[in-house]
Each structure stands twice: as C-alpha cells, then as structure tokens.
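In: quick one, fold the following:
(chains A, B, C and D)
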2 protein chains.
Amino acid sequence: MAKRPPVAKSELEVVQIVWQLGEASVRQVLEALPAQRKLDFKTVQTYLRRLEAKGYLRTRRDGRAKLYAPRVRPDQVVREVVDDLVHRLFAGESLPLFQHLIQDRGLTDAEIGQLRSMLKELEDRKP
Amino acid sequence: MAKRPPVAKSELEVVQIVWQLGEASVRQVLEALPAQRKLDFKTVQTYLRRLEAKGYLRTRRDGRAKLYAPRVRPDQVVREVVDDLVHRLFAGESLPLFQHLIQDRGLTDAEIGQLRSMLKELEDRKP
DNA sequence: TAGAATTGCGTTCAAATGAAAGCCAATCGA
DNA sequence: TCGATTGGCTTTCATTTGAACGCAATTCTA
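Out: A predicted model of the protein is given here:
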C-alpha cells in the first residue's frame, strides 16, 4: 500500500484519543481533550478529516454524525513516529532516549517495577 | 527568557549533528549526515541559519566560514521535544513509550545491561 | 413550531517547513 | 591569473500545518 503521509503533530493528539475510545465522533474527541488544550469543534473536525484522508482513520455514519475509528494499527503508527524521532534526535540509538526518560523525567516505583519485568520478559524470551 | 520557537523535524537532524561535533561548519554537518539522507549544501545552510535565528545555535566566524555551536543545552532541547511527544502520543504517560521501545524495537544484550544499571542507580539514589 | 444548536462539507488563510536557487566575494589549484 | 569551488547572504516557492469560517441540512428544545 502506498505509504501514507506522516501524521502531523496536532493530528497525533487527536488520533491518540480515537485510539483510546476505539471509535468516536468529533464531539467525543473534543470532550476527551485535556482541559487545558482548547480547540474549536471545527478544528478537531478538520484534523479528523485529514487523518481520514491520510489513511489513518476510517469512518462510518451513525445517523447524522460520523464515527471515526482506527484504520492502521496504533502501534504501527507509534513505531513510525518513534523511529523517526530516534533517528533524527539520537542518530538511531534508542539508549539515549531511555537515558533521558529515566534520568530526566523520573519514574514512580511502580513504573520501575514494571520496567524491570518488561526487561526480564524480554530476556527470557530470547536465547 | 522568551520561549524560543520549536525546532522543526528536519532541523532536529541537523542540530543533533552539531551537538555531536561540538562546533561545526555547514560542510562538516553536511558530511556528517547519514549517507542515505541527501541534502543540498544550501539546504543545510538554511536549516542552520534558522536554528540560529530560533536561538538554538550561536555562531562565530572562522576566516571565511562560520562555525555553529549549541546555545541551549542539548538535554534541555531533548526534554522539550520528548515531553511534547509523550503528551501528544501517550497522554503524558512515559511507560507506554518504554513498552514500545522494549517490545517493538528490541534491544541488544549490552543495552539491556545498561538499562538495568540505570534503573539500579535510580533506585539507589532515592529514599 | 420557530428558533437554537449540532454536524457535515467545502473553503480559507496565515505561518512554518522542506528544499533549494541566485548572486557575489573570497580563495584555491593548475 | 583564470576558472572552479566554496560559502555567505538573500530570496523563492510549493506544501503542510494549525486553526478556524460559512452555509445548509438536521435535530433538539422551549
């Protein structure tokens, strides 16, 4: 399939909400936006329309309203975005990103625990 | 200090090289670009100029050429960029990003080791 | 039932971005 | 010394983004 155009920054926050909700109308997305982030209905509508045009979302009609749902698997998109970032910002190395995340942003104890078990699982699952 | 405008994607790859080199001319940056990524001299020059205008780099003259060097600490910039991404893509949670990095991108054994020690250090250094 | 609100669809519009091109002065190699 | 190269500075230019309008149809609501 022809590679779809990249998701723009602002589109990301919107598509991310659709992923969470599974399927959503413009209004639902608007309401799910973090309180500080105040966008107009029309603006959200535009972003969703563009996301559909780019191939990231598909829609179906529910009465008068339109419901947007993922068309590309979220982790596929996440991978593309993160890969791109890692390349541009860390010359392709992911370790520096971890380092930043750990040292600069801090983690709760619970998070540390979960991270540990992810690592363990990864090790177990290979040679 | 007046918040500087965000670094654009393509500018990131260029500023990242300047960070690595410490100080660099247009040509040096051009040559340090990954082989696949083919940009024109003029293009790199433009990006560097914009980065200076945005406040990320400062310059000094070396004979006929101009040398670009960081003006904002790299980790400061990295933090801004990563924070922004985490907000837009994961609603502010960093764990999903780790999860993606670990499960989806894979790590070498060496990397796993280093990660472990980062975690350990983090734990030791708190209550 | 008449006006208010909600949505879709099409447009708009300025600023930012990605990617150079043009012209000119310094300089280097033959 | 003369042409090629290099770099600086200025300008260009299409596309993408971010952020909304306007109108028409539909649906609540007083």
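
In: which residue ranges form the helices in chain A?
Out: Applying DSSP state H to chain A gives helices spanning A:9-21, A:26-32, A:41-54, A:74-90, A:95-99, A:105, A:109-124.

In: what's the closest of those to B:Lys9?
Out: Among the helices of chain A, the nearest to B:Lys9 by Cβ to Cβ is helix A:74-90 (6.3 Å). C-beta: built from backbone N, CA, C; applies to glycine.

In: and the closest one, is it in reach of chain B?
Out: Yes - using Cβ under 8 Å from any Cβ of the partner chain, helix A:74-90 reaches chain B at A:75, A:78-79, A:81-85, A:87-90.

In: what is that helix packed up against?
Out: Contact analysis of helix A:74-90 by 3 or more Cβ pairs under 8 Å, 6 or more residues apart in numbering or on different chains; DSSP states H and E lists helix A:9-21, helix A:95-99, helix B:9-21, helix B:74-90 as its packing neighbours.

In: helices or strands next to the shortest one in the packing?
Out: When you say that, I think you mean helix A:95-99. When contacts are defined as 3+ Cβ pairs under 8 Å, 6+ apart, helix A:95-99 packs onto helix A:74-90, helix B:109-124.

In: can you tell me how far the spatially most central residue of chain A sits from DNA strand D?
Out: Centroid check for chain A by Cα atoms, centre = their mean gives A:Gln16 as the closest residue, at 4.4 Å. Here the criterion is Cβ to the nearest atom of the strand, to the nearest Å. By it, A:Gln16 lies 13 Å from DNA strand D.

In: please report how far that residue lies from B:Arg27.
Out: 40 Å (Cβ to Cβ, to the nearest Å).

In: what's around whichever residue of chain A sits closest to DNA strand C, how many residues?
Out: At 2.9 Å from DNA strand C, A:Lys66 is the closest residue in chain A, using Cβ to the nearest atom of the strand. Per other Cβ atoms under 10 Å in any protein chain shown, the neighbour tally for A:Lys66 reads 16.

In: so it is in contact with A:Arg58, correct?
Out: No - taking contacts as Cβ atoms under 8 Å, A:Lys66 lies outside contact range of A:Arg58: 10.5 Å.

In: if we can go back for a sec, contacting residues for the residue nearest to the centre of chain A?
Out: A:Gln16 sits next to B:88-91 when contact means Cβ atoms under 8 Å, 6 or more residues apart in numbering or on different chains.

In: what subset of these is buried?
Out: Those of the contacts of A:Gln16 that meet the buried threshold are B:88-90, by 16 or more other Cβ atoms under 10 Å in any protein chain shown.

In: now these in a markdown table, with distance to DNA strand C?
Out: A markdown table is the format used below for these (distance: Cβ to the nearest atom of the strand, whole Å):
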| residue | distance to DNA strand C |
| --- | --- |
| B:Arg88 | 14 |
| B:Leu89 | 17 |
| B:Phe90 | 21 |
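
In: tabulate these (CSV), appending distance to B:Asp109 and pLDDT.
Out: Shown next, in CSV, are the buried ones among the contacts of A:Gln16 (distance: Cβ to Cβ, whole Å; pLDDT from 0 to 100):
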residue, distance to B:Asp109, pLDDT
B:Arg88, 32, 95
B:Leu89, 28, 96
B:Phe90, 27, 95
